[in-house]
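Asker: Okay, predicted coordinates and the sequence, questions at the end:
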Amino acid sequence: MSANNPYLDDLSRGIIRENPVFRLLLGMCPVLGVTGYLINGLGMGLAAAAVLIASNVVIASLKNFIPPQVRIPCFIVVIATFVTVIEMLLQAFQPALYEALGVFVPLIVVNCVILGRAEAFASKKPVLRSLVDGIGVGLGFTLALGILALVREVFGHGTIMGPGPDSAILLFGEGFEPMALFGQPAGAFIALGLLLGITNVIFKKFNIK
Amino acid sequence: MRDVLRLSITLALVAIASAALLTGVHNVTEPVIQEREERDYLEALERFFPEIDQFETEKINGDTYDLVYDQAGEKLGVMATVKTQGYDGTITYNLAINTDAEIIGILVVSHTETPGIGDIITTDNFQEQFIGKSFEDPIEPGEDVDIVSGATLSTGAMISSIRRTLNTVGENFLDMERQAFEFEDLDDGFYRGTVDGTYGPLTVEVEFRDGRIQTIEIIEHNETEAYFVDAYPEIPQRIIEEQKLEVDVETGATLSAERIVSAVKNALEGAPEGENGGGDN
């Protein structure tokens, strides 16, 4: 069915077949940097997704107006604008998340997933399909960050929905000694590598290409 | 030519649209951010002074000082909100001081120090060493507080800023007075003194004659040259003119200025090197 409906195809492609993290290995900086806790990983994924969706729609609707020679600067201005908007909104309404994500929020500007979708998809396709594509890839990115962050938080801290004592759920009781390695940046590489291996096996098994 | 024009106009239009959108969002978010900062500010006041009933705000040199009173109108203390230059950007912090001029609390409001290195200034471990320190204490690295190695600039900046803030609060709001350093009875001669700077020692030679400081020369220093010009020769001139060491050290290079003063003090505390001085100069 998905093969016949271009919108469904656009949506599922970003989540599964061309998942930016697990299949394309794009935009790895925040993937490794902020996935120490599930809440930070999801927050980062959603922030990037919001920027991606907005920039995809704007770029798709401007594609006939922007001359090809200056398209990259224009894309960057559009993306940077939405990143700054998200940054201000986070600072105003989600201060804790804003503090936790720190420098990775402004760094969304140079996330190659977003510029990649602008260049490869939104600048060639109609607005509605670009919107759906943005939602798909954004969800795929968020999903990947969420899974990686969940694995790292569970093994590295023994909690879910941390940090902080009020919201954190201790999974294994007080006696659990967390594997600190997973909480560290180096542990992000190892966890990501393991996850990539697992997803590759799954993809192979179900013959998804 | 027309092509270039078209390209520039397109880019300009995109940039203008972007600026308009950003202005709009800024106008919406700014009041919310400010309101939250104000709330955090009041919460800090209440945490440091649980019996707070009212406070009045004064400004000195661009920093804010809140004089806190309880219900009976009794002064509880002062909370200073101070900006200082860290290793990378501005550090803003609250310093709560009770009426005995003792530090009762520190809260770093915002900073951009390096994560994992300079952000040690936000930890209890670093901040606790200041609690209970009073106007009378030197608050001098190596004497009664410690610089954290690896984060020398961040922690050093905090230490000297806290010392200055405590000084300002004590003198302006708590009727404290620093005991003047007396040197009128010294023997004539040349005195040398050295203090440690961030990058190495700073040595001065002071010529003392007829009960007065005559000249102050820098023998050696390892300060950042671009800043040091703000402190020298300005600070020695002030000392010579006023004939006291308690001069105003607010310059473009407050740290270097303070070091010159301490070096002069260090020199006058020692014995004169001889009548002629200037050995290796």
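Answerer: Sure thing, it's come through.
Asker: Sketch out the helices for chain A, chain order is fine.
Answerer: Counting by DSSP state H, chain A has helices at residues A:6-12, A:28-33, A:38-62, A:71-93, A:95-101, A:112-117, A:127-157, A:180-183, A:185-205.
Asker: Let's have these in CSV, adding mean neighbour count, distance to chain B and mean pLDDT.
Answerer: In short, each C-beta sits where N, CA and C put it, glycine included. Below are the helices of chain A laid out as CSV (neighbours: other Cβ atoms under 10 Å in any protein chain shown; distance: least, Cβ to the nearest Cβ, whole Å; pLDDT from 0 to 100):
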stretch, mean neighbour count, distance to chain B, mean pLDDT
helix A:6-12, 17, 25, 86
helix A:28-33, 19, 10, 84
helix A:38-62, 24, 8, 93
helix A:71-93, 20, 4, 92
helix A:95-101, 17, 6, 83
helix A:112-117, 22, 15, 90
helix A:127-157, 23, 16, 92
helix A:180-183, 16, 13, 79
helix A:185-205, 14, 10, 90
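Asker: now the ones you listed as TSV including distance to B:Arg6?
Answerer: Shown next, in TSV, are the helices of chain A (distance: least, Cβ to Cβ, whole Å):
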stretch	distance to B:Arg6
helix A:6-12	32
helix A:28-33	35
helix A:38-62	14
helix A:71-93	13
helix A:95-101	39
helix A:112-117	23
helix A:127-157	23
helix A:180-183	53
helix A:185-205	45
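Asker: quick one: which of the ones you listed is nearest B:Ser161?
Answerer: Relative to B:Ser161, the nearest member of these by Cβ to Cβ is helix A:95-101, separated by 22.5 Å.
Asker: Next, name the residue at the spatial heart of the chain.
Answerer: All of this refers to chain A. Central residue of chain A (Cα atoms, centre = their mean): A:Phe141, 3.1 Å from the mean position.
Asker: try chain B instead
Answerer: Central residue of chain B (Cα atoms, centre = their mean): B:Ser161, 2.7 Å from the mean position.
Asker: And it, which helix or strand is it part of?
Answerer: Using DSSP states H and E, B:Ser161 sits in helix B:152-173.
Asker: which is the next helix or strand following that helix?
Answerer: Next along from helix B:152-173, by DSSP H and E: strand B:189-196.
Asker: measure the residue in the stretch 151-281 of chain B positioned nearest to chain A to B:Thr112 for me?
Answerer: Going by Cβ to the nearest Cβ, chain A is nearest to B:Ser154 of the stretch 151-281 of chain B, at 16.5 Å. Separation of B:Ser154 from B:Thr112 (Cβ to Cβ, to the nearest Å) stands at 10 Å.
Asker: Over to B:Met158?
Answerer: Per Cβ to Cβ, B:Met158 is found 14 Å from B:Thr112.
Asker: more neighbours, those two?
Answerer: Taking neighbours as other Cβ atoms under 10 Å in any protein chain shown, B:Met158 and B:Thr112 compare with B:Met158 leading, 28 against 15.
Asker: which residues touch the more buried one?
Answerer: B:84, B:86, B:91, B:93, B:121, B:126 (Cβ atoms under 8 Å, 6 or more residues apart in numbering or on different chains).
Asker: And the pLDDT at the nearest residue to the first one once chain neighbours are set aside?
Answerer: Put plainly, it is B:Thr84. Leaving aside its chain neighbours, B:Thr84 sits nearest to B:Ser161 (3.8 Å; criterion: Cβ to Cβ, 6 or more residues apart in numbering or on different chains). pLDDT, B:Ser161: 91.
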